[in-house]
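**Q** Build me a model:
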Amino acid sequence: MDRAKIASYGSWKSPISSELIVAGTVGLTEVVWDGEDICWLERRPSERGRNAIARRSPSGKIADVIPTDFSARNRVHEYGGGSFLMADGTVYFSNAADRRIYRQTPEGRPEPLTPEGNISYADYILDRQRERLICVREDPSGGGEPVNTLVAINIESDRPNQSGENIEVLVAGSDFYSSPRLSPDGFKLCWLSWNHPNMPWDGTELWVASIREDGSLAEAERVAGGLEESIFQPEWSPDGVLYFVSDRSGWWNLYKWQPTSQPKSQPNQEKIVPLCQMPAEFGLPQWVFRMSTYSFASAGEIICTYTQQGIWHLARIETSSGKIEQIATPYTSITSPAVAGNRVVFLGGSPTESTSIVLLDLETRNIEVLRRSSQLEIDAGYLSAPQAIEFPTENGLTAYGIFYPPTNRDYAAPSDELPPLLVKSHSGPTSAARSGLSLKIQYWTSRGFAFLDVNYGGSTGYGREYRRRLEGQWGAIDVDDCANGAQYLVERGLVDGNKLAIAGSSAGGYTTLCALTFRDTFKAGASYYGISDLEAFVNDTHKFELRYTDRLVGPYPERKDLYEERSPIRHCDRLSCPVIFFQGLEDNVVLPSQAEMMVAALKAKNLPVAYIPFEGEQHGFRQAENIKRALDAELYFYSRVFGFEPAEDLEPVVIANL
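**A** Predicted structure coming up:
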């Protein structure tokens with residue numbers, strides 16, 4: 001091996017370029033079986049962020065399902081999910097361009113099933129007996145807040161599909177719905193609902209109703225859930241027992257519903273039985289539809305995933321006894337298991353392998369990787385190994401994070417240097433950092449940056465109590481934890497305390513701007529479509545998050561004082577370091593004005609500031625050229641702020657006042 005070159009941190013040459021990342025990376029979600037075929041959704045930055053549906057046959061051949069002029073994505077809750085359904089070779093999907101549901105048979109082109117308009121649909125199931133789809137509909141056409149309902153869409157070929165006469169409302173009255181699921185015999189429907197100001201990880205209700213002969217629903221009964229209990233992923237077992245995930249114990253664990261024979265007039269006519277209680281999370285924050293953590297191998301066996309201390313595990317559970325047995329895999333990030341026979345397919349990632357579609361034989365334990373989100377082969381000498389850390393934070397509490405030291409086999413830094421640190425405040429804020437390989441993180445570490453992915457108070461994966469730390473404290477607890485995580489690494493001599501940066505997107509962008517405004521820890525930052533004015537956010541955002549801040553901050557306008565106190569735009573006099581902003585101009589979640597107000601204020605203060613808006617991007621960047629531009633622009637920005645010379649030529653960024 002050649003001797004390592006001596007060069008300053010930040011100036012190391014890396015094979016993990018932004019161009020390589022976007023050229024060889026796709027997003028993988030929603031893995032399902034269709035007979036012996038395996039299908040999934042594939043987001044392709046190289047195709048301007050198009051969502052393709054891919055199918056793998058038993059022979060191993062992978063082919064696209066829908067034509068290239070269609071993209072399977074919906075806008076329900078703005079974040080979508082649950083955008084397609086496969087049934088015997090026929091696909092039903094939402095098309096991003098016009099929001100309509102289309103049906104495509106194996107031999108034909110897509111044909112619309114819903115009328116033109118601004119109405120969105122998500123989370124479909126097929127009601128075979130009645131030849132209809134059941135799904136969530138979001139209709140903004142009445143003015144005011146969009147109306148969310150559960151609807152049935154008749155799919156008989158001789159029924160109209162242009163006027164909407166084939167659509168019938170099944171359930172209405174709540175602010176939000178998700179997860180409609182049919183019992184195996186087709187005579188019962190379950191679903192989740194919740195109302196403002198709750199988000200689905202705060203409190204949801206699980207309902208069940210019988211289906212009448214005419215297809216309408218009989219009187220529904222609430223099985224579980226409420227204002228302070230979050231229900232996730234209800235599913236019927238093959239023998240007709242209803243299972244679901246609940247956090248009633250303080251952890252998202254699995255339960256089953258066993259109705260008794262008592263008449264409905266009697267109380268406690270049902271019995272909810274914990275399946276396998278343990279201090280672990282079998283649930284996820286339901287930001288998008290169709291998220292899953294378990295699947296039935298049979299009436300007597302569930303294949304599931306769960307997380308403890310940031311590491312995900314695959315396991316089997318006996319439904320009769322609740323006995324759980326881990327299934328060993330090399331993966332530390334596992335979601336979306338789907339079982340067919342003795343095989344389970346899931347999304348798996350590890351510290352050295354990007355998210356992949358993995359097929360595992362439950363008998364032989366043989367593993368086959370069907371598709372990787374990145375086709376790049378990166379030498380391990382350029383990959384930083386994640387290290388789970390715990391660190392003290394305010395009020396004598398502990399917070400968590402994943403630390404990545406700078407790593408590049410070709411370079412070493414001068415002995416008197418410490419690396420710059422980039423702290424990531426994740427989005428959500430009810431999300432979580434994962435330990436699977438992220439080339440966007442390795443982009444930084446292979447250039448000589450240390451990287452800290454913080455699971456601040458409010459993150460999922462550590463139980464309901466940890467999740468609730470953020471209630472009433474958004475813009476405070478998360479900021480404390482990010483700052484204390486950085487300081488923890490400084491005190492241990494692992495990073496340079498004069499070269500600390502913080503970056504985040506959406507809610508993470510808000511945490512970033514708060515940290516830069518209300519703390520002196522960080523010397524620079526990058527906000528990706530972050531919130532700068534909480535009052536403007538409350539007044540301008542979409543329905544799904546319209547009342548989210550009631551729990552995170554306080555009821556508005558009653559606690560207008562807190563919204564002003566924690567809005568960075570109101571306290572620009574306290575911000576004294578360089579900031580770069582990235583913003584999609586079609587973002588309906590965090591409007592471009594949020595970034596533009598801050599940019600104008602910082603320019604007026606003569607602080608170094610840069611602003612890069614992207615035409616055609618919404619909340620989250622999907623197009624290859626924009627993802628590449630943002631990565632390189634952020635690196636260029638830090639190079640100017642921290643005074644190092646990047647190894648590659650980067651397109652300059654206009655930085656005002658620098």
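
**Q** Could you count how many residues lie near residue 173?
**A** By other CB atoms under 10 Å, 10 other residues sit near residue 173. Any C-beta I mention is one placed from the backbone N, CA and C, and that applies to glycine too.

**Q** again but with residue 243, I slipped
**A** Counted with other CB under 10 Å, the neighbours of residue 243 add up to 19.

**Q** Distance-wise, check the nearest residue to it once chain neighbours are set aside relative to residue 238.
**A** Nearest residue to residue 243, sequence neighbours excluded (CB to CB, 6 or more residues apart in numbering): residue 256, at 4.9 Å. Noted for residue 256: a distance of 13 Å to residue 238, by CB to CB, to the nearest Å.

**Q** When the two are compared, which one has more neighbours?
**A** A direct count of neighbours by other CB under 10 Å for residue 256 and residue 238 places residue 256 higher, at 17 against 11.

**Q** Look at the more buried one and report its pLDDT.
**A** Listed pLDDT for residue 256 reads 96.

**Q** tell me the contacts of it?
**A** Applying CB atoms under 8 Å, 6 or more residues apart in numbering, we find residue 256 in contact with 237, 241-244, 272-273, 275, 319.

**Q** Next, residue 600: phi, psi?
**A** With angles defined as degrees, to the nearest 10, residue 600 sits at phi -60, psi -40.

**Q** Just give me the neighbour total for it.
**A** 14.

**Q** Could you pull up the contacting residues of it?
**A** Contact criterion CB under 8 Å, 6+ apart gives no residues in contact with residue 600.

**Q** Now the most centrally placed residue in the chain. Nearest residue, chain neighbours left out?
**A** In the chain, the residue lying closest to the centroid (CA atoms, centre = their mean) is residue 287, at 6.1 Å. Spatial nearest neighbour of residue 287, chain neighbours left out: residue 79 (5.4 Å); criterion: CB to CB, 6+ apart.

**Q** Quick check: the one you found vs residue 355, distance?
**A** 18 Å.

**Q** same thing with residue 397?
**A** 31 Å.

**Q** Same drill for the two, tell me which one is more crowded.
**A** residue 355 (26 against 14).

**Q** what are the ranges of the strands in the stretch 151-300 of the chain?
**A** Using DSSP state E, counting those that start in this stretch, the strands of the stretch 151-300 of the chain run over 167-171, 176-182, 188-194, 205-210, 221-225, 231-236, 242-246, 253-259, 270-274, 294-298.

**Q** mind listing what the first one pairs with, with the direction of each?
**A** To tie it back to what came earlier, the one meant is strand 167-171. Paired strands of strand 167-171, with direction, are strand 147-154 (antiparallel) (DSSP bridges).

**Q** Likewise for the second one?
**A** When pairs are called by DSSP bridges, strand 176-182 turns out to pair with strand 188-194 (antiparallel).

**Q** Centre of the chain to the strand it pairs with, how far?
**A** Computed by CA atoms, centre = their mean, to the nearest Å, the chain-centroid distance of strand 188-194 equals 22 Å.

**Q** And for stretch 291-308?
**A** That offset, for stretch 291-308, works out to 20 Å (CA atoms, centre = their mean).

**Q** for that stretch, which positions count as buried?
**A** Using 16 or more other CB atoms under 10 Å as the test for burial, stretch 291-308 gives 291-297, 302-307.

**Q** and the residues you listed as TSV, adding pLDDT and distance to residue 175?
**A** As requested, those are exported to TSV (pLDDT from 0 to 100; distance: CB to CB, whole Å):
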residue	pLDDT	distance to residue 175
291	97	19
292	97	23
293	98	25
294	98	27
295	98	29
296	98	30
297	97	36
302	98	31
303	98	33
304	98	30
305	98	29
306	97	29
307	95	29
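
**Q** of these, closest to residue 484?
**A** Distances from residue 484 to the buried residues of stretch 291-308, taken as CB to CB, are shortest for residue 307 (22.9 Å).

**Q** Only alpha carbons, please: show the host helix or strand of the closest one as PDB.
**A** For residue 307, the host element (DSSP states H and E) is strand 301-308. The C-alpha coordinates for strand 301-308 follow below in PDB (Å, rounded to 0.1, in the frame of the first residue of the first chain):
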ATOM      1  CA  GLU A 301     -45.900 -17.000  12.500                       C
ATOM      2  CA  ILE A 302     -44.900 -13.400  11.900                       C
ATOM      3  CA  ILE A 303     -41.700 -12.100  10.300                       C
ATOM      4  CA  CYS A 304     -40.900  -8.700  11.800                       C
ATOM      5  CA  THR A 305     -38.400  -6.000  12.200                       C
ATOM      6  CA  TYR A 306     -37.700  -4.000  15.300                       C
ATOM      7  CA  THR A 307     -35.100  -1.500  16.500                       C
ATOM      8  CA  GLN A 308     -33.100  -1.200  19.800                       C
END
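
**Q** Summarise which helices and strands it is packed against.
**A** strand 294-298, strand 311-318, strand 333-340 (3 or more CB pairs under 8 Å, 6 or more residues apart in numbering; DSSP states H and E).

**Q** I'd like those strands laid out as JSON lines, including distance to residue 52.
**A** Listed next are the helices and strands packed on strand 301-308 as JSON lines, based on distance: least, CB to CB, whole Å:
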{"stretch": "strand 294-298", "distance to residue 52": "24"}
{"stretch": "strand 311-318", "distance to residue 52": "26"}
{"stretch": "strand 333-340", "distance to residue 52": "17"}
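
**Q** most tightly surrounded among those strands?
**A** Across the helices and strands packed on strand 301-308, averaging neighbours per residue (mean count of other CB atoms under 10 Å) puts strand 333-340 on top, at a mean of 22.

**Q** The helix or strand that it is followed by pairs with which strands, parallel or anti?
**A** Toward the C-terminal end, the helix or strand that comes next after strand 333-340 (DSSP H and E) is strand 343-350. Within its sheet, strand 343-350 is paired with strand 333-340 (antiparallel), strand 353-361 (antiparallel), according to DSSP bridges.

**Q** Please name whichever of the ones you listed is nearest to residue 422.
**A** The nearest among the strands paired with strand 343-350, by CB to CB, is strand 353-361 at 19.8 Å.

**Q** list the helices and strands the very next helix or strand once past the closest one packs on?
**A** As assigned by DSSP H and E, the chain's next helix or strand after strand 353-361 is strand 367-372. Applying 3+ CB pairs under 8 Å, 6+ apart, one finds that strand 367-372 contacts strand 37-44, strand 50-56, strand 353-361.

**Q** what lines up beside strand 367-372 in the sheet?
**A** Strand pairing (DSSP bridges) places strand 367-372 next to strand 353-361 (antiparallel).
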